[in-house]
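Novice: here is the input, now give the coordinates:
(chains A and B)
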Amino acid sequence: MGLVARHLEANGIPTVIIGCALDIVEHCGVPRYLYSDFPLGNSAGKPNDAQSQADTLELALQLLETATAPRTTVRSPQRWSDDASWKRDYNDLDVLTPDEIARRRTAFDGSKATIKRLQGRT
Amino acid sequence: MFLLPIRDALVGSTTFITWRCTMATVALVCGGFGFLLRTTRMKCDADDDMPIPYMQRTRDYYLALGYNNPYRWAHFDDVPFAPLTKPLAESRLALITTAAPYQPEAGDQGPGATLNAAVKFFRVYSDSTDAAPDLRISHIEYDRTHTTASDSNTWYPLAQLRQAVHSGRLGGLTARLHGAPTNRSQRMTIEQDAPDLLARCREDGADVALLVPT
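Specialist: I've put the predicted structure just below:
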């Protein structure tokens, strides 16, 4: 999405990205980014929490209004949980046995084959 | 020793050695050590409490799976910037998501679904913002341990945007929302998808755009 934002912005449409991965988006270099320190999949706020979602959108709109230069990142003050241990779990190699690694490799190879087949149709 | 998580993970290795602060704290249950354990746990939480380094985690993960062609994320020195030309209360906003339209014949795409590559899409799509299209994220590597994927508002905030229009915070939404493919190929994104999205945003009279990647 960073590439999309850059293209729209370069062609005169102001953009703001909302997401949960800080390093990837900032590494790309985007005009405006509202970062929420949530698990991937919750870019627009916490599930079933209208206030969290409203607050997230409002911060994004404020960023559109107030940013004066590119690479402006605002970090949402919302916390996913008081216990930060959830952050260990994404792609955590510490808990993967050799059998599990082999299983995941097989599954990923299957996904790649499916993607190649679908791309052949489009 | 309570504070050092030691990881020895090699591709093909049969032994993984890991000390977690939580395991260390479970091993000792003694009133005299209670305070030490509590401070140990607090320090572990502080060590965890920083933005997840997704690029490094992803590189390490796929190397461990045996793929020796690490992905290189896009990086640019220059970044474009276009200031607002009118207040948001007079602006029309375009919503762009990476979520995919639900395909009933293509397997599980609901909460808890494993990665479903069959519903991945490779060209930009558009759908009406008057309705509430059924869009899902099962084709994406989101955090399946901690994300329920049970509330689509977390990946496409159309309801909140409508509320913002209703309250006067936003002037309006474009007639269509748009789906952006998640391509490993940056060339495809730059040469095909981004120009396509720009064209659709212009057709719809977008003044600003909100992009919601998952």
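Novice: where exactly do the strands run in chain A?
Specialist: A:15-19, A:32-35, A:72-75 (DSSP state E).
Novice: in terms of helices and strands, where is residue B:127?
Specialist: strand B:125-128 (DSSP states H and E).
Novice: which secondary element of the chain has the worst mean pLDDT?
Specialist: This is for chain A. Lowest by mean pLDDT, DSSP states H and E among the helices and strands of chain A is helix A:98-121, with a mean of 91.
Novice: tell me which strands and helices it is in contact with?
Specialist: For helix A:98-121, there is no helix or strand it packs on, judged by 3 or more Cβ pairs under 8 Å, 6 or more residues apart in numbering or on different chains; DSSP states H and E. Placement of C-beta: from N, CA and C, glycine included.
Novice: quick one: low-confidence ranges for the chain?
Specialist: Picking chain A for this. Low-confidence segments of chain A, defined by pLDDT under 70: A:121-122.
Novice: that was the other one, I meant chain B.
Specialist: B:1-45.
Novice: residue boundaries of the helices in it?
Specialist: Using DSSP state H, the helices of chain B run over B:21-27, B:34-48, B:54-64, B:158-166, B:186-188, B:194-203.
Novice: quick one: the last one near chain A?
Specialist: Which is helix B:194-203. Yes: using Cβ under 8 Å from any Cβ of the partner chain, helix B:194-203 reaches chain A at B:194-195, B:197-198, B:201-202.
Novice: out of these, which one sits closest to chain A?
Specialist: Of all the residues of helix B:194-203 next to chain A, chain A sits closest to residue B:194, with 3.6 Å by Cβ to the nearest Cβ.
Novice: can you get me a residue count around the closest one?
Specialist: Close neighbours of residue B:194, defined as other Cβ atoms under 10 Å in any protein chain shown, add up to 22.
Novice: now it: closest residue in space, sequence neighbours ignored.
Specialist: Once flanking residues are discounted, residue B:194 sits nearest to residue A:7: 3.6 Å by Cβ to Cβ, 6 or more residues apart in numbering or on different chains.
Novice: which parts of stretch B:141-153 are buried?
Specialist: B:141-144, B:146-147, B:149, B:151-153 (16 or more other Cβ atoms under 10 Å in any protein chain shown).
Novice: hey, C-alpha coordinates of the least confident helix or strand of chain A in PDB?
Specialist: Only the C-alpha atoms of helix A:98-121 are listed here, as PDB (Å, rounded to 0.1, in the frame of the first residue of the first chain):
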ATOM      1  CA  PRO A  98      11.300 -29.300  12.800                       C
ATOM      2  CA  ASP A  99       8.000 -31.200  12.000                       C
ATOM      3  CA  GLU A 100       6.000 -27.900  12.300                       C
ATOM      4  CA  ILE A 101       8.500 -26.100  10.100                       C
ATOM      5  CA  ALA A 102       8.200 -28.900   7.500                       C
ATOM      6  CA  ARG A 103       4.500 -28.700   7.700                       C
ATOM      7  CA  ARG A 104       4.500 -25.000   7.100                       C
ATOM      8  CA  ARG A 105       6.900 -25.300   4.200                       C
ATOM      9  CA  THR A 106       4.500 -27.700   2.600                       C
ATOM     10  CA  ALA A 107       1.600 -25.500   3.200                       C
ATOM     11  CA  PHE A 108       3.400 -22.500   1.800                       C
ATOM     12  CA  ASP A 109       4.500 -24.400  -1.300                       C
ATOM     13  CA  GLY A 110       0.900 -25.300  -1.800                       C
ATOM     14  CA  SER A 111      -0.100 -21.600  -1.600                       C
ATOM     15  CA  LYS A 112       2.500 -20.700  -4.100                       C
ATOM     16  CA  ALA A 113       1.200 -23.300  -6.500                       C
ATOM     17  CA  THR A 114      -2.300 -22.000  -6.200                       C
ATOM     18  CA  ILE A 115      -1.200 -18.500  -6.800                       C
ATOM     19  CA  LYS A 116       0.700 -19.500 -10.000                       C
ATOM     20  CA  ARG A 117      -2.400 -21.300 -11.200                       C
ATOM     21  CA  LEU A 118      -4.600 -18.300 -10.600                       C
ATOM     22  CA  GLN A 119      -2.200 -15.900 -12.200                       C
ATOM     23  CA  GLY A 120      -2.200 -18.100 -15.300                       C
ATOM     24  CA  ARG A 121      -5.900 -17.300 -15.600                       C
END
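Novice: no more questions from me, cheers.
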